[in-house]
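Participant: Sequence first, then the predicted structure, then my questions.
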Amino acid sequence: MANYSVYITLGSIILVAISLLFLLISMDSIQPLHYGITYNKITKYVSSDVYENGRFFIGPLTSFITYPGYLVNIEFSTSSRADVSSYNYLI
């Protein structure tokens, strides 16, 4: 009589490992001070949903296109009274 508990245990371990790998592949993150939109690699579809920084479950064939969430203004002038500092604004 075969010992089926070994096969059941081995199958369970493989199933858990595959599930964990699928979950890790399906997650992506956006860095602080950035925004992102999702891009599907198969259908080439870009969503209109905007994500702020953080870690998200977006699916295995989807990735983020990220954009900076701040604006830097630089003024170029030949005037001697020009403000030489640059300004960072959060959008």
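Facilitator: Thanks, I have the structure now.

Participant: make it CA atoms for all contacts and neighbour counts henceforth
Facilitator: Noted.

Participant: what about Leu15, which SS state?
Facilitator: helix (DSSP: H, G, I helix; E, B strand; the rest coil).

Participant: Run a quick neighbour tally on it.
Facilitator: 12 (other Cα atoms under 10 Å).

Participant: Which of the three states applies to the residue nearest to Ile25 when sequence neighbours are not counted?
Facilitator: Closest residue to Ile25 apart from its sequence neighbours, by Cα to Cα, 6 or more residues apart in numbering: Pro60 at 5.4 Å. Here Pro60 is recorded as coil under three-state DSSP.

Participant: Gly36 contacts Phe64, doesn't it?
Facilitator: Yes: assessed by Cα atoms under 8 Å, Gly36 is found in contact with Phe64 at 5.7 Å.

Participant: Of the two, give the one with the bigger neighbour count.
Facilitator: Set Gly36 next to Phe64 and count neighbours by other Cα under 10 Å: Gly36 wins out with 22 against 19.

Participant: Surely the more buried one is within a helix?
Facilitator: No: according to three-state DSSP, Gly36 belongs to no helix; its state is strand.

Participant: so how far is Asn73 from the residue nearest to Ile25?
Facilitator: Going from Pro60 to Asn73 by Cα to Cα, to the nearest Å gives 38 Å.

Participant: same check, this time on Ser26
Facilitator: From Ser26 over to Asn73 the distance is 37 Å, taken as Cα to Cα.

Participant: Looking at those two, which is more packed in?
Facilitator: Ser26 (16 against 11).

Participant: roughly how far apart are the more buried one and Phe56?
Facilitator: Applying Cα to Cα to Ser26 and Phe56 gives a distance of 9 Å.
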